[in-house]
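Enquirer: Fold the following.
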Amino acid sequence: MMKGRQREILHDYIDLKIMTDGAGQVYCVGETVLDIIFRADQPVAAKPGGSMLNSAVSLARAGDAVNFISMLPGDRVGQLILRFLEENHVSTHYLATLPSGKTILALAFLDEHRDAEYVFYKDTVPVGFEFSMPEIHKGDIILFGSFFSLTGDVRPALIPFIRSAKSKGAFIMYDPNFRKPHLPDLERFRPAIIENIGLADLVRGSDEDFRLMFGTANAQEAFEVVSRSGCPLLVYTKNKDGAELLTRSGHFCVIPEPINPVSTIGAGDAFNAGIIHGLLRHPPEPADYDWPQVLQVALRFSEEVCMSLDNYISTSFGKSLRL
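Expert: Numbers count the residues shown, from 1 in each chain. Have a look, this model is predicted:
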């Protein structure tokens, strides 16, 4: 039985449709890191990570065909992450290996609420480095975002790819996933964030993301930013308080059951994967997405990830979704 309760707001029926000719390929585009997780200032786990990688692994464990597009150094940590992706059946065909450099380390310090504060250790991307992009078709789904999508090393290849994909009828989903350590660079990167929002068919961001980026206090204020930037659809997540979906015609929210989390790392990434899994698996006839159902699926994904130190749904949970 599904967890969570749906509470509709403003309208008994809200027109929340995205027309498609059917499910295509899924592409997750983002950074590759190694998360080292600390509890009480002691390391307790090390997990392959990066927001889009986490989403890709959850999708693969749920039985969805997914491609991961990224750069990965050929160091020992990079080799470990590559094996992990292959073992989890994430396609690495578009995962480019850097000729030099070291894999990004993300130190995640869990507080008493099991939320994380991050410290990043990064290497530079070789100047002029390029990675290949797939041919996109109508019905494909692309998830991109995080700091990866803002950097000058990546945007010259990424943005033309996203624009081309959008023009071909792909569904574009953007997650800013903006962290406190990046605040010193906010003013420099704000135009890129706004451009990314404008390219998306759906933005999924947390209350913390929008508070840090735009100083918003609630979902409606965040949607005003998103709508003004050119995106018609926002999913606004609020940790234990659930999520709201907002459009120009109205909004509704889903509320989770209380849980005692082990870690909230990867919860938003799992929510993204749950949205995509729901879009792939639960479109009613005639191809109108059932958004209440989709968000309930996303909530299940997010709750599952919170119950372990993994950044992704468990293989057993993924198998249960196929029964």
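
Enquirer: Show the subsequent helix or strand relative to the one helix or strand R300 maps to.
Expert: Here R300, judged by DSSP states H and E, is contained in helix 291-305. Using DSSP H and E, the helix or strand that follows helix 291-305 in sequence is helix 315-320.

Enquirer: Buried residues in that next one, which are they?
Expert: F317, G318 (16 or more other Cβ atoms under 10 Å). Bear in mind the C-beta positions are built from the backbone N, C-alpha and C, glycine included.

Enquirer: Which elements pack onto it?
Expert: When contacts are defined as 3 or more Cβ pairs under 8 Å, 6 or more residues apart in numbering; DSSP states H and E, helix 315-320 sits against helix 51-61.

Enquirer: C-terminal to the helix it packs on, what's the next element?
Expert: Heading C-terminal from helix 51-61, the first helix or strand you meet, by DSSP H and E, is strand 66-73.

Enquirer: between that following strand and helix 51-61, how many degrees?
Expert: 140 degrees (axes from the mean of the first three to the mean of the last three Cα atoms, to 10 degrees).

Enquirer: relative orientation of the helix holding R300 and helix 51-61 in degrees?
Expert: Going by the same axes, to 10 degrees, helix 291-305 makes 100 degrees with helix 51-61.

Enquirer: Return the per-residue confidence for D153.
Expert: D153 carries a pLDDT value of 82.

Enquirer: same deal with L16?
Expert: 40.

Enquirer: Mind jotting down where the helices sit in the protein?
Expert: Remark: helices assigned in the chain by DSSP state H are 51-61, 76-87, 155-167, 186-199, 207-214, 219-229, 267-281, 291-305, 315-320.

Enquirer: who touches stretch 143-158?
Expert: Identification of contacts with stretch 143-158 by Cβ atoms under 8 Å, 6 or more residues apart in numbering yields 26-31, 50-52, 55, 70, 125, 129-131, 133, 162, 172-179, 182, 189, 192-193, 196, 272, 276.

Enquirer: at 7 Å instead, please
Expert: Outside stretch 143-158, the residues that touch it by Cβ atoms under 7 Å, 6 or more residues apart in numbering are 28-31, 51-52, 55, 125, 130-131, 133, 162, 173-177, 182, 189, 192-193, 196, 272, 276.

Enquirer: Need the distance between the two termini of stretch 174-183.
Expert: Counting by Cα to Cα, to the nearest Å, you get 19 Å between the two ends of stretch 174-183.

Enquirer: Near the nearest residue to H182 once chain neighbours are set aside, how many other residues are there?
Expert: Of all residues beyond its chain neighbours, the one nearest H182 is F147 (5.7 Å), with distances taken as Cβ to Cβ, 6 or more residues apart in numbering. When neighbours are counted by other Cβ atoms under 10 Å, F147 registers 22.

Enquirer: One more: E117?
Expert: By other Cβ under 10 Å, 13 other residues sit near E117.

Enquirer: show me where the stretch 1-150 of the chain has strands.
Expert: 5-9, 26-29, 33-39, 42-49, 66-73, 95-98, 104-110, 116-121, 141-145 (DSSP state E, counting those that start in this stretch).

Enquirer: among the ones you listed, which gets the worst mean confidence?
Expert: Within the strands of the stretch 1-150 of the chain, confidence is poorest for strand 5-9, with a mean of 39 (mean pLDDT).

Enquirer: hang on, the earlier thing: what's the closest of the strands of the stretch 1-150 of the chain to Y236?
Expert: strand 5-9 (12.7 Å; Cβ to Cβ).

Enquirer: Kind regards, and thank you for your time.
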